[in-house]
Every structure is written in C-alpha cells, then in structure tokens.
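Asker: Okay, sequence plus prediction incoming.
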Amino acid sequence: MIVVRGVPTENALRAIWAEAERYATPRLHEVGLARIGRLLDQAHRRKLVTWAGLHEMVGDTQRRGRAGTVLMRELAAARAPGSSPTESRNEERLEQLLNEAGSRPLLRQVVVGGHEPIGRSDHRDPDLPMVVEVNSLTFHTAPSDRAADQRRYGRMTDAGFTVVVVWEHDLWSRPADVVRTVAEGRRRARTGEAVVLHTPSCPWPADGDPAQRWVPPLAG
C-alpha cells in the first residue's frame, strides 16, 4: 500500500487488477477485456503502468490463484514488454551506450530463474549469470515499490545472478557510469558474486550490506 497526502491507496496496476476481479466469471469475460483493456491503456498513456510491470504482476499473481488472472493474462499477452515507446526508449538507450563503448550486447526481455522462473528481466548477459534492470523514479522509489524490487533482486541473487540496476537518470546524464557499472557487474558475475549493483543516482538509502549498494566512482 502507498500513502499519498495521508490517504492510503494502491499503485495503478493493483487498483486495475482489483477492478478486473469483477469480470472474473466467463459470462463477463468479453466485457472485462474491453473495459479493463481501456483502463490499462489509459494508465499506460499517463505513464502510470508499464507492460513489463504488467507481465511481472501477472506472473507473480498467477501462482497465487487470484481472481482475474485469466483476464489479465489475456490482456498482457496483447501488450508485450518493451513494445511501448517509454520502455523501448530506455532499453534502446542502454544498448546504444554499450555498443558505443564496444561492450558485448545484452539480450532483451529474458525470463530468468533457478529451479522456478523468477520473472522477466529487462536485459540479460548471453553468457554470464547477470541481469540488468532499468529503474525509473516514477515506479521504483515508493517504500512498497522498493520492498518489491528488493524481494525480486533477492530471488535473483539467491538463484546465482549478479543484478545490475541502471537508474533512468543515469542513462541520459551519466552514460559513462552506466557502462562502468555493467562492466563491474560482468566482472563480478565471472567470479560468481551474486550481488546487486546500482548506478550512481539510486535514491534508496545506503543501508544494509554494502555489496548490495555498490555504485561506481563518478566519471570525470
């Protein structure tokens, strides 16, 4: 739950899913596809949801058997991660920076996990156990969002992955530090260090294990 100006509320995806539960019966399925589909698209246009986030929530909630899963899964299938301008723009920017630096390319939108799938990562190294996630301030700074991200990253490191978290601001303002952080992630993945590394503009408090909050020295 998120508190906005003292009022308890939910993020956009959770609120839309709660509405989708009203259309969970086969009789209302087609009506739900139209109405909830419009809600999703309107929220997406206002940058309140991403298709990657929708797919992650479908995958997580499906395992718990929540009402509305069939409807939301069908809606998600028509809205592929990375197909929206915002998501593809950041992914393309990361790929551009690595290409210009002469770094090996990453694979985009790969489901990762150990014995059980964890979810879809924004990028994954094709040869090393390393994933790269791109975070925006809009969707990854509230306490509940941070807690969800940390649980997700914890599952990835438990499965043996090095996790590199690239913050959107750095993609456009500190490109050299993005490249350096990805390079450091690859170095640690080669040595089997399953840790979480952030680029410099990470807004989260630097508490806990220092290895979970590594950032590169600022490029000159």
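Answerer: Good, I have the coordinates.

Asker: separation between the residue of the chain positioned farthest from its centre and Arg38?
Answerer: Farthest-out residue of the chain from its mean C-alpha position, per CA atoms, centre = their mean: Arg27, at 33.5 Å. Separation of Arg27 from Arg38 (CB to CB, to the nearest Å): 19 Å. Bear in mind the C-beta positions are built from the backbone N, C-alpha and C, glycine included.

Asker: Need the pLDDT of the residue farthest from the centre of the chain.
Answerer: Model confidence at Arg27, expressed as pLDDT, equals 89.

Asker: ok, now Thr199?
Answerer: pLDDT at Thr199 comes out at 92.

Asker: check contacts around the closest residue to it other than its chain neighbours.
Answerer: Closest residue to Thr199 in three dimensions, ignoring its sequence neighbours and counting by CB to CB, 6 or more residues apart in numbering: Asp170, at 4.1 Å. Residues near Asp170 by CB atoms under 8 Å, 6 or more residues apart in numbering: Asp177, Val178, Thr199, Pro200, Ser201.

Asker: Quick check, Trp167 in contact with Trp204.
Answerer: No - Trp167 lies out of contact with Trp204 (CB atoms under 8 Å); the separation is 9.8 Å.

Asker: Those two: which is more packed in?
Answerer: Legend: neighbour count by other CB atoms under 10 Å for Trp167 and Trp204, higher for Trp167 (26 against 17).

Asker: element containing Gln42?
Answerer: Assigned by DSSP states H and E, Gln42 belongs to helix 29-45.

Asker: Just the buried positions in that helix, please.
Answerer: Judged by neighbour count using 16 or more other CB atoms under 10 Å, the buried positions of helix 29-45 are Gly32, Leu33, Arg35, Ile36, Gly37, Leu39, Leu40, Ala43, His44.

Asker: Kindly report the same for stretch 190-209.
Answerer: So stretch 190-209, judged by 16+ other CB under 10 Å, has buried residues Ala194, Val195, Val196, Leu197, His198, Thr199, Pro200, Ser201, Cys202, Trp204.

Asker: Past the helix holding Gln42, which element shows up next along the chain?
Answerer: Per DSSP H and E, the helix or strand that comes after helix 29-45 is helix 51-62.

Asker: who does that next one touch, helix- and strand-wise?
Answerer: Other elements packing on helix 51-62 under the criterion 3 or more CB pairs under 8 Å, 6 or more residues apart in numbering; DSSP states H and E are helix 12-20, helix 69-77, strand 117-124.

Asker: State the distance from Thr61 to Glu95.
Answerer: 30 Å.
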